[in-house]
Structures are given as C-alpha cells and as structure tokens.
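Visitor: Sequence first, then the predicted structure, then my questions.
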Amino acid sequence: MIALSIEDILVDAGFAIAGVATKLESALALIEAGACDAAIVDSNLAGVCADPAAIALAARGLPFVVLSGYSQEQMRSPFVGARFLQKPCRPELLIETLTAVLPQH
C-alpha cells in the first residue's frame with residue numbers, strides 16, 4: 001500500500017512511473033529493462049534485503065533515493081552514498097529529493 005501511495009504522489013507531481021516493485025525479483029527485472037532515469041528503493045523488499053537492486057542500479061549508473069524505515073546508520077554498503085530519506089517522509093521532501101537526483105535533460 002505504501003508503494004501505491006508513493007506512486008500516486010509522484011504521478012500527481014508529474015513524474016512518469018516505469019513500474020512499482022514490491023519484491024526484489026520485480027525490482028531487478030525493472031532495472032534490467034532499463035526503462036527509468038532514477039529509482040526509489042527501500043533497503044528491504046518484502047522481507048528480503050534489496051542490496052542486489054542497489055548494486056544493479058549503481059552498475060547501470062542510475063541514481064536512486066533510499067526510502068526506508070531503517071536509519072541511515074543501519075544502511076548496508078550498497079546504499080551508502082545514495083540520497084536517503086527515512087519513513088515516514090513528507091511527500092514534498094520525496095519529490096524534491098527525487099528531482100535532485102534525476103539527470104538534467
């Protein structure tokens with residue numbers, strides 16, 4: 001439900017959504033498809049560590065924002081250096097942070 005709420009917030013703000021992944025396998029498939037300019041990633045997807053998603057995004061040079069219930073200090077190394085927001089997060093801050101990481105066209 002959180003992912004769908006975030007999707008609504010971003011669509012209302014004018015973002016195009018390439019997809020929503022609530023499981024690691026889905027996230028990796030979206031990344032492999034290469035249909036996005038940036039991503040929002042939780043460090044835990046349905047109880048599974050999302051390190052492979054962070055690694056795949058970094059390998060493709062895609063910027064991402066970490067949106068997590070964990071603290072920044074609890075982030076594992078693949079997430080270090082990414083923009084970080086802790087849940088719950090104000091929609092305006094999420095929009096501002098995602099805009100900041102997007103490549104300028």
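Guide: Right, received. Where do you want to start?
Visitor: who's in contact with residue 4?
Guide: Under the criterion of CB atoms under 8 Å, 6 or more residues apart in numbering, the neighbours of residue 4 are residue 20. In this view, the C-beta of every residue, glycine as well, is placed from N, C-alpha and C.
Visitor: So it: helix, strand or coil?
Guide: Following DSSP: H, G, I helix; E, B strand; the rest coil, residue 4 is assigned to helix.
Visitor: again with residue 67
Guide: strand.
Visitor: Can you tell me who it pairs with across the strands?
Guide: residue 85 (DSSP bridges).
Visitor: Could you measure from it over to residue 104?
Guide: 22 Å (CB to CB, to the nearest Å).
Visitor: So for these two, which sits in the more crowded spot?
Guide: Neighbours were counted for residue 67 and for residue 104 using other CB atoms under 10 Å; residue 67 has more, 22 against 3.
Visitor: what's that one in contact with, if anything?
Guide: 6, 40, 41, 42, 85, 86, 87, 89, 94.
Visitor: The helix or strand where the second one lies: partners in the sheet, and parallel or antiparallel?
Guide: When secondary structure is defined by DSSP states H and E, residue 40 falls within strand 39-41. Each strand that pairs with strand 39-41, with its direction, by DSSP bridges: strand 64-68 (parallel).
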